[in-house]
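>>> Got a predicted structure here, sequence first:
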Amino acid sequence: PVEPTMVLRLKFLNDTERLARVRPGDTIGALKRAYFPGQEQQVRLIYQGQLLRDDTQSLAALHLAHNSVLHCHISPHSSPARAALDVGSLVLPLFVLMLAVLWYFQLQYRHVFTATATTFLAGLTLLFSFVAFTMYRR
C-alpha cells in the first residue's frame, strides 16, 4: 500500500512560504534533508510553538494534517574562524581580571589610591557582583 501524501506549508520569518509534499511516515530529519539540503543543522522547525528537536520523529507522531504550518528558522552559518574571534565571551573574564588587578594595586600601593578611588573601586566591585549574580542565577 502506498502511503498518501500531504502538503505542509513551511513559513519563514520574512512571511514567505514554501510548500512541502511529504508522507506521514517521513521523519523531521528527512523533511530537512529534502527541502534544506546542506543546511539541516541550521534549520529549526517549529510546530504549534514547540521546537521540533527530534529528527527521528515521524510527522504522523506530531499529528500534522494536510496544510499544517511549520515555522522555519534558518540560523546563519558560522565558520570556526569567526567563532574564534567572538570577543563577547571574553568580556566577563577580562572584567574580573581587571578588578582583581585593581584590587591588587590598591592593596600593594595604598598610598597612591585616594579615598574616593577606593570607594569607587568598592562600589564598582559590588555593582559588578550584583549584575553577575542576577545574570547567572537564571
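Looks like it arrived, so ask away.
>>> switch to C-alpha atoms for all contacts and neighbour counts from now on
OK.
>>> how about the strands in this structure?
Secondary structure of the chain by DSSP state E: the strands cover 6-12, 17-22, 43-47, 50-51, 69-74.
>>> Kindly reformat those strands as TSV and extend each row with mean neighbour count, mean pLDDT and distance to residue 123.
TSV is the format used below for these (neighbours: other Cα atoms under 10 Å; pLDDT from 0 to 100; distance: least, Cα to Cα, whole Å):
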stretch	mean neighbour count	mean pLDDT	distance to residue 123
strand 6-12	18	93	47
strand 17-22	16	92	53
strand 43-47	17	92	44
strand 50-51	11	89	43
strand 69-74	18	91	43
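>>> Redo those as JSON lines? Include distance to residue 104.
Converted to JSON lines, those look like this (distance: least, Cα to Cα, whole Å):
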{"stretch": "strand 6-12", "distance to residue 104": "53"}
{"stretch": "strand 17-22", "distance to residue 104": "59"}
{"stretch": "strand 43-47", "distance to residue 104": "48"}
{"stretch": "strand 50-51", "distance to residue 104": "48"}
{"stretch": "strand 69-74", "distance to residue 104": "47"}
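>>> Would you mind telling me which of those is nearest residue 101?
When these are ranked by proximity to residue 101, the top entry is strand 69-74, at 42.8 Å, counting by Cα to Cα.
>>> strands paired with the closest one, and their directions?
Here the strand partners of strand 69-74, with direction, are listed using DSSP bridges: strand 6-12 (parallel), strand 43-47 (antiparallel).
>>> now those strands in a markdown table, with distance to residue 103?
Listed next are the strands paired with strand 69-74 as a markdown table, based on distance: least, Cα to Cα, whole Å:
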| stretch | distance to residue 103 |
| --- | --- |
| strand 6-12 | 51 |
| strand 43-47 | 46 |
